[in-house]
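Peer 1: Structure for the following, please:
(2 chains)
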Amino acid sequence: DTQLTQSPSFLSESVGDRVTITCRASQGISGYLAWYQQKPGKAPKLLIYAASTLQSGVPSRFSGSGSGTEFTLTISSLQPEDFATYYCQQLNTYPVTFGQGTRLEIK
Amino acid sequence: EVQLVESGGGLVQPGGSLRLSCAASGFTFSDHYMEWVRQAPGKGLEWVGRTRNKAKSYTTEYAASVKGRFTISRDDSKNSLYLQMNSLKTEDTAVYYCARVILVPNTYSYMDVWGKGTTVTVSS
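Peer 2: Sure thing, here's the model as predicted:
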């Protein structure tokens, strides 16, 4: 199985801060990497697919980069509505796997 | 509006069975692969399995944790996806989401539409 390790697992940041979350894969996954945002009691929401493509309707302060085994999600200037849990996901091989999540809280 | 609505969750005893449904609307359901993902209380997301479309003979894939106990099926005439869960264990307690898959062969794949989820509780 392809394991995804996110770092950090927890972040405490302020509105306006720049945030970077890293996702490392145990083997190469090409561009089959997506990022999701989840708020408590809600379904995940797609932010980024193909490692760096912004989903329609997602604010441009979100960006993704990386290839192979190392990927990043960056939020350029945190807004109050961005405080949530973020997951990376690989769809290169079965089983599809998710990172353990990064919880982003307001400082 | 593109929408997925899950139903069928509830309380079931260990060893019991439950069938979840996912009703799709607003898009051509038959074109798409579909997936089930679950989330245990306070935990992260766990992929359950996938069904491909008719062009790929409706073949399925499962997570090791549910293989042999869960069965994914679909009825394209009803725009519906199903998850038959047998031999349920307490560790199957979770919110179950269905999701639409976008797949561009040899390029990328992702889940772009999710339902709100249905809760399954396995307890005596």
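Peer 1: got a list of what residue 56 touches?
Peer 2: In the absence of a named chain, this looks at chain A. Applying CB atoms under 8 Å, 6 or more residues apart in numbering or on different chains to residue A:56 gives no contacts. C-beta here means a position set from N, CA and C on the backbone, and glycine is covered the same way.
Peer 1: Chain B, not that one
Peer 2: The contact partners of residue B:56, taken as CB under 8 Å, 6+ apart, are residue B:33.
Peer 1: Also residue B:61?
Peer 2: Contacts for residue B:61 (CB under 8 Å, 6+ apart) come out as A:94, A:95, B:49, B:50.
Peer 1: give me the element the third one is part of.
Peer 2: To tie it back to what came earlier, the one meant is residue B:49. Assessed by DSSP states H and E, residue B:49 sits inside strand B:45-51.
Peer 1: Now the element after that strand, going C-ward?
Peer 2: Moving toward the C-terminus from strand B:45-51, the next helix or strand (DSSP H and E) is strand B:60-62.
Peer 1: Outside of stretch B:62-78 itself, list whatever touches it.
Peer 2: Contacts to stretch B:62-78, defined as CB under 8 Å, 6+ apart, come from residues A:95, B:29-30, B:34, B:36, B:46-51, B:54, B:58, B:60, B:80-88, B:91-92.
Peer 1: For chain A, list the residues in contact with chain B, please.
Peer 2: Taking CB under 8 Å from any CB of the partner chain, the part of chain A that reaches chain B is made up of A:31-32, A:34, A:36, A:38, A:42-46, A:49-51, A:53, A:55, A:87, A:89, A:91, A:94-101.
Peer 1: same thing but at 7 Å, please
Peer 2: By the rule CB under 7 Å from any CB of the partner chain, the part of chain A lying against chain B is A:31-32, A:34, A:43-44, A:46, A:49-50, A:55, A:87, A:91, A:94-98, A:100-101.
Peer 1: Residue A:104 bridge partners, please.
Peer 2: Beta bridges link residue A:104 to residue A:11 when assigned by DSSP bridges.
Peer 1: Show me the strands in chain A, by range?
Peer 2: Per DSSP state E, chain A carries strands over the ranges A:4-7, A:10-13, A:19-25, A:33-38, A:45-49, A:53-54, A:62-67, A:70-75, A:85-90, A:97-98, A:102-106.
Peer 1: can you list these in TSV and add mean neighbour count?
Peer 2: Below are the strands of chain A laid out as TSV (neighbours: other CB atoms under 10 Å in any protein chain shown):
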stretch	mean neighbour count
strand A:4-7	17
strand A:10-13	14
strand A:19-25	20
strand A:33-38	26
strand A:45-49	22
strand A:53-54	15
strand A:62-67	17
strand A:70-75	20
strand A:85-90	25
strand A:97-98	22
strand A:102-106	16
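Peer 1: Export those strands as JSON lines, with columns for mean pLDDT.
Peer 2: Listed next are the strands of chain A as JSON lines, based on pLDDT from 0 to 100:
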{"stretch": "strand A:4-7", "mean pLDDT": "98"}
{"stretch": "strand A:10-13", "mean pLDDT": "97"}
{"stretch": "strand A:19-25", "mean pLDDT": "98"}
{"stretch": "strand A:33-38", "mean pLDDT": "98"}
{"stretch": "strand A:45-49", "mean pLDDT": "98"}
{"stretch": "strand A:53-54", "mean pLDDT": "98"}
{"stretch": "strand A:62-67", "mean pLDDT": "97"}
{"stretch": "strand A:70-75", "mean pLDDT": "98"}
{"stretch": "strand A:85-90", "mean pLDDT": "98"}
{"stretch": "strand A:97-98", "mean pLDDT": "98"}
{"stretch": "strand A:102-106", "mean pLDDT": "96"}
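Peer 1: I'm done for today, thanks for sticking with me.
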